[in-house]
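**Student:** Build me a structure from this.
(one chain, ligands or ions: 1)
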Amino acid sequence: MSTPHSDVLIVGCGPAGASAAWRLAKEGHHCTIIDKSTFPRDKVCGDALSGKAITLLRRFDPQAVERLISTDSAEPIWGIRFVAPNGKPIEVPFQDPLPEDRTQAHGYVSRRIDFDSFMVDEVRRHEEIDLQLGVHVTNIEREDDGWRLKSKDGTWEHTCRLLLIADGAQSAFARKVAGLHKRPEHHAGAVRAYMEGVTGFHPDGYIELHFLKEYLPGYFWAFPLPNGQSNIGLGMRTDKLKERGISLRDEMQSIIEGHPLIGERFAGAKLTEKIVGYPLPLGSKLRRASGEGYMILGDAGHMIDPLTGEGIGNGMYAGIIAAEQAIESLRQNDLSADTLSAYDVRIARVLGREMDISYRIQTSLKWPFIINGLANFIYGRPKLTKLLSRMYTDLELRAQVAKPSFWVQAAMGKNF
Ligand SMILES: Cc1cc2nc3c(=O)[nH]c(=O)nc-3n(C[C@H](O)[C@H](O)[C@H](O)COP(=O)(O)OP(=O)(O)OC[C@H]3O[C@@H](n4cnc5c(N)ncnc54)[C@H](O)[C@@H]3O)c2cc1C
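**Tutor:** Modelled structure (predicted):
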């Protein structure tokens, strides 16, 4: 019996891989997508779906967001509460004023066990996609005209011409074939816990980023989930973790047991699951994520925002761009490294500037006095908060905000 073959094979059905499969299907192209897991399955994450992720979902299918919220597993989010090391909160809505119609929010928080299952169900809606779950690939070999993949248990084998690797932060292919090794200054670690009974969330459902001085330039987060549950976490750059010898799990435990600034919000709360951690390969230094017959997507390609830790929306973008490049390269019958490098060019164009701005802000966050000064300045200036609310969608404004000159002008009373 001959080995099953596909023109395009995607390894990993997380947000990046699923998006690539959807994009191909939307253009009528067939592909095979495999994942080692069966769904539902958990993925350690903050579970926040940014405006970017929601916009892309809507672009795939205008009804997709309706289907997501009809599962009652997604909490609508209307803004972000930033808390400075001195405890001063700055609340920036996604839109100012917030809309009267609250049927669909700008962002959501949805546990990955639910969201990723929803994504897999969306993939199942397309007959062009051959979805195979429970296939743990451990062996990928280059052949004359493509790749041969084998599963760990030896029961599955497949060949393909073009390989899209979307197998997450610990991708062996990304390391061994593409040479994308971990660089501690462009990499972070984070822990997450689910809790119930955390108090003090904004009534409109804001996600919260707390810049506690002990963990700068990282942060502690508290994101509301449906039914009084919440996702709580702590993340820091890997080089800083090593330098300071910090155990994120222990620090997280001590924050919820009684941190002087926020401990009281956890006084009547309880952990519903144990604290778990996972790595975040950051995109603060975009590296080549394509080669002869392959493209690498999402976390496997180191594409997480270095400031916010957002990787779902970026992974979805990478999936779309990889699929479009796949269609073009197959049309030209050219899967050479040279041709596929157009994928890296587009990734840099679409995500590069945003990552760059995020990285600049992230590196300036290491000094508590800067954040305290900014928080003191913004606090009680509604016109400035209104302007900052445009920052989520306006990259130009975000670039301005990252420059000291913006704040000098603001201090001189310009526009505020
Ligand atoms: C603690 C933490 C908090 C975070 N918070 C947020 C947040 O709030 N918002 C946000 O946008 N991002 C967040 N991120 C980042 C986000 O989780 C990732 O960027 C996102 O999941 C990347 O999607 P992906 O499809 O590239 O990879 P993944 O979601 O990791 O999917 C990879 C898939 O590949 C499969 N796979 C792996 N190996 C194999 C194999 N050998 N064979 C077959 N299948 C395989 C896995 O089962 C998995 O389904 C967070 C990350 C961490 C660690």
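
**Student:** Show me what residue of the stretch 151-300 of the chain gets nearest to the ligand.
**Tutor:** Of the stretch 151-300 of the chain, the residue with the smallest distance to the ligand, taken as CB to the nearest ligand atom, is Gly298 at 2.2 Å. C-betas here are computed from N, CA, C, even on glycine.

**Student:** The residue nearest in space to the middle of the chain and the ligand, how far apart?
**Tutor:** Per CA atoms, centre = their mean, the C-alpha nearest to the average position across the chain is that of Gly311, at 1.6 Å. When distances are taken as CB to the nearest ligand atom, to the nearest Å, Gly311 and the ligand turn out to be 2 Å apart.

**Student:** what's the burial count for the residue lying closest to Gln229 once chain neighbours are set aside?
**Tutor:** Beyond its immediate neighbours in the sequence, the residue positioned closest to Gln229 (CB to CB, 6 or more residues apart in numbering) is Glu196, lying 5.2 Å away. Glu196 is flanked by 14 other residues according to other CB atoms under 10 Å.

**Student:** which residues touch Glu196?
**Tutor:** The contact partners of Glu196, by CB atoms under 8 Å, 6 or more residues apart in numbering, come to Gly228, Gln229, Ser230, Ala269, Lys270, Thr272.

**Student:** For those residues, give me CSV that also has secondary structure and pLDDT.
**Tutor:** Formatted as CSV, the entries for the contacts of Glu196 read as follows, by DSSP: H, G, I helix; E, B strand; the rest coil; pLDDT from 0 to 100:
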residue, secondary structure, pLDDT
Gly228, coil, 95
Gln229, strand, 97
Ser230, strand, 98
Ala269, coil, 97
Lys270, strand, 96
Thr272, coil, 97
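
**Student:** if we can go back for a sec, contacting residues around the residue nearest to the centre of the chain?
**Tutor:** Residues touching Gly311, when contacts are defined by CB under 8 Å, 6+ apart, comprise Pro15, Leu280, Gly298, Asp299, Met303, Ile304, Asp305.

**Student:** longest helix of the chain?
**Tutor:** Among the segments of the chain that qualify as a helix by DSSP state H, the longest is helix 312-332.

**Student:** helix or strand right after that one?
**Tutor:** Going down the chain from helix 312-332, the next helix or strand is helix 337-347, by DSSP states H and E.

**Student:** Just confirm yes or no for that following helix near the ligand.
**Tutor:** No. Helix 337-347 stays clear of the ligand (CB under 6 Å from any ligand atom), getting no nearer than 12.9 Å.

**Student:** what sits up against that helix?
**Tutor:** The set of residues that contact helix 337-347 without belonging to it, under CB under 8 Å, 6+ apart, is 286, 288-295, 301, 303, 317-318, 321-322, 325, 328-329, 332.

**Student:** and that helix with helix 312-332, angle?
**Tutor:** With axes from the mean of the first three to the mean of the last three CA atoms, to 10 degrees as the basis, helix 337-347 and helix 312-332 are set at 150 degrees to each other.

**Student:** buried set for helix 337-347?
**Tutor:** Thr339, Leu340, Ala342, Tyr343, Asp344, Arg346, Ile347 (16 or more other CB atoms under 10 Å).

**Student:** Output the contacting helices and strands for the host helix or strand of Arg398.
**Tutor:** Per DSSP H and E, Arg398 falls inside helix 395-401. Of the remaining helices and strands, those touching helix 395-401 by 3 or more CB pairs under 8 Å, 6 or more residues apart in numbering; DSSP states H and E are helix 353-364.

**Student:** Export the next helix or strand after the helix it packs on to PDB, keeping only CA atoms.
**Tutor:** Following helix 353-364 in sequence order, the next helix or strand is helix 368-378 (DSSP H and E). The C-alpha trace of helix 368-378 is given here as PDB (Å, rounded to 0.1, in the frame of the first residue of the first chain):
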ATOM      1  CA  PRO A 368       9.800  51.400  38.200                       C
ATOM      2  CA  PHE A 369      10.200  55.200  38.400                       C
ATOM      3  CA  ILE A 370       9.400  55.600  34.700                       C
ATOM      4  CA  ILE A 371       6.200  53.600  35.000                       C
ATOM      5  CA  ASN A 372       5.200  55.300  38.300                       C
ATOM      6  CA  GLY A 373       5.900  58.700  36.700                       C
ATOM      7  CA  LEU A 374       3.800  57.900  33.700                       C
ATOM      8  CA  ALA A 375       0.900  56.500  35.800                       C
ATOM      9  CA  ASN A 376       1.000  59.600  38.000                       C
ATOM     10  CA  PHE A 377       0.900  61.800  34.900                       C
ATOM     11  CA  ILE A 378      -1.900  59.900  33.100                       C
END
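
**Student:** Good, wrapping up.
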